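# I'll drop the sequence and a predicted model, then ask my questions.
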Amino acid sequence: MIYGHGDDAYRYEVVFKANFSSNVWYQRTAPVLLQHLQEQLPTIANYPTPNADELAARITAHHQLRATQVVVTNGATEAFYLITKLFAGQTAAIGTPTFSEYEDACQCHGVQPVYYDRAAVLDTHFDAEVVFICNPNNPDGYCNTVAEIRQLVTAHPHTTFVIDEAYIDFTSQIRSSVVLLQEFDNLIIVRSLTKLFSIPGLRLGYILCSEQWQKKLQQASMPWSVNAMAIAAGNYIYDHYTALVPTMETLLRYSAAFQKAIDALEGYTVVPSPTNYFLVRLAQPVATQLKEYLVHTHQLLIRDASNFRGLDGHYIRIASQDSAQNQLLVNALAEWNTSE
């Protein structure tokens, strides 16, 4: 799904007042990180380290793992394509609704997708060789605890579980399953730096796994997939992690109030989420029309969620911004009701 994701502002010749379509950190990239990247621009004259080894060392130290347990990738999406490459000709279980790139990666590498209800994952028996679990889930924020992930991995020892933790820092409801890597070999965790530090244009993610999986994934990777500027950003982030990592308390408070305000409007039902993003069910299947109305009438961008498998034109996805920007959307949604 190359063109079906959120943050498609490039499609419009509009100066947006607020962008609710992307789930990245709402305060944008830290100025000190931008300044550092400007200083690193001359490094593009040289090839980066083939496997981003210096950044891999920082990542493993941060997670208290071994150097043989990480693969740095060109965003989390590259990780899914690498993983499915190792399961060619086999079967992958994918929750619905969820991030579309699991399915696209499967199709790219000849992996047969089968589907399960993401919210019913604990009641599902898996026969597939690999299972993808987005946790917290995109687009609805549904979460599973570490204990629940342990339960699944234990019950299916011959199945590999890929836990996508791209949004793990955007909730206080659950913790990372990285602690389980010391216990299980049938577990792969994918993380992203682009959302938390608002650098999606750089594309930077990584895989945490067993030494056996790391070796296979590294062999399947192409050299220099992570560019010099992304590596520079990652190195700086981990060298200054405490100072740079955002505090989620305020954003989650904004999100909770935002959800409540939209749910109070006639014609909109919020699917409660413990994250900064959430689904809204519309009374009528007009997600595409509503999105275009908000773009051209109010210069506000939302995510039309009708292309998530399992959803339809009744659904939009919204990511909280600050309280003032959130109020702009609440007012616009109320106005849409009167304009129909």
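Cool, got the structure.
# Might one say that residue 28 is in contact with residue 197?
No. Counting by C-beta atoms under 8 Å, residue 28 stays clear of residue 197, with 9.9 Å between them. Just so you know, the C-beta spots here come from the backbone N, C-alpha and C atoms, and that holds for glycine as well.
# More neighbours: which of the two?
Per other C-beta atoms under 10 Å, whichever of residue 28 and residue 197 has more neighbours is residue 197, with 25 against 11.
# ok, that one - contacts?
Applying C-beta atoms under 8 Å, 6 or more residues apart in numbering, we find residue 197 in contact with 25, 29-30, 33, 233, 237, 244, 246.
# Could you rerun that using 7 Å?
Contacts for residue 197 (C-beta atoms under 7 Å, 6 or more residues apart in numbering) come out as 25, 29, 33, 237, 244.
# Now the buried members of the residues you listed.
25, 29, 33, 237 (16 or more other C-beta atoms under 10 Å).
# right, and the secondary structure at the first one would be what?
Recorded secondary structure, residue 25: coil (DSSP: H, G, I helix; E, B strand; the rest coil).
# what's it in contact with, if anything?
By C-beta under 7 Å, 6+ apart, the residues touching residue 25 are 195-198, 246.
# Can you tell me the closest non-neighbouring residue to it?
Spatially, and ignoring its direct neighbours in sequence, residue 25 is nearest to residue 198 (4.4 Å; C-beta to C-beta, 6 or more residues apart in numbering).
# separation between the one you found and residue 51?
25 Å (C-beta to C-beta, to the nearest Å).
# so the closest residue to residue 71 other than its chain neighbours is in which element?
Spatial nearest neighbour of residue 71, excluding adjacent residues (C-beta to C-beta, 6+ apart): residue 207 at 4.3 Å. According to DSSP states H and E, residue 207 maps onto strand 205-208.
# That strand pairs with which strands, parallel or anti?
Using DSSP bridges, strand 205-208 pairs in its sheet with strand 70-73 (antiparallel), strand 187-192 (antiparallel).
# In TSV, list these along with distance to residue 125, mean pLDDT and mean neighbour count.
Compiled in TSV, the strands paired with strand 205-208 are given as follows (distance: least, C-beta to C-beta, whole Å; pLDDT from 0 to 100; neighbours: other C-beta atoms under 10 Å):
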stretch	distance to residue 125	mean pLDDT	mean neighbour count
strand 70-73	30	97	28
strand 187-192	18	98	25
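# Which among those strands is found nearest to residue 97?
strand 187-192 (18.2 Å; C-beta to C-beta).
# Quick check: mean pLDDT of the strand holding residue 207?
Average pLDDT, strand 205-208: 98.
# In CSV, could you pull the C-alpha coordinates for stretch 40-52?
Extracted as CSV, the C-alpha positions of stretch 40-52 are listed here (Å, rounded to 0.1, in the frame of the first residue of the first chain):
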residue,chain,number,x,y,z
GLN,A,40,26.4,16.1,9.9
LEU,A,41,25.5,17.0,6.3
PRO,A,42,29.1,16.7,5.1
THR,A,43,29.1,12.9,6.0
ILE,A,44,26.9,12.2,3.0
ALA,A,45,30.0,12.4,0.9
ASN,A,46,31.0,8.9,2.3
TYR,A,47,29.3,5.6,2.5
PRO,A,48,27.6,4.8,5.8
THR,A,49,28.6,1.7,7.8
PRO,A,50,27.1,-1.3,5.9
ASN,A,51,25.1,-2.5,8.9
ALA,A,52,25.0,0.7,11.0
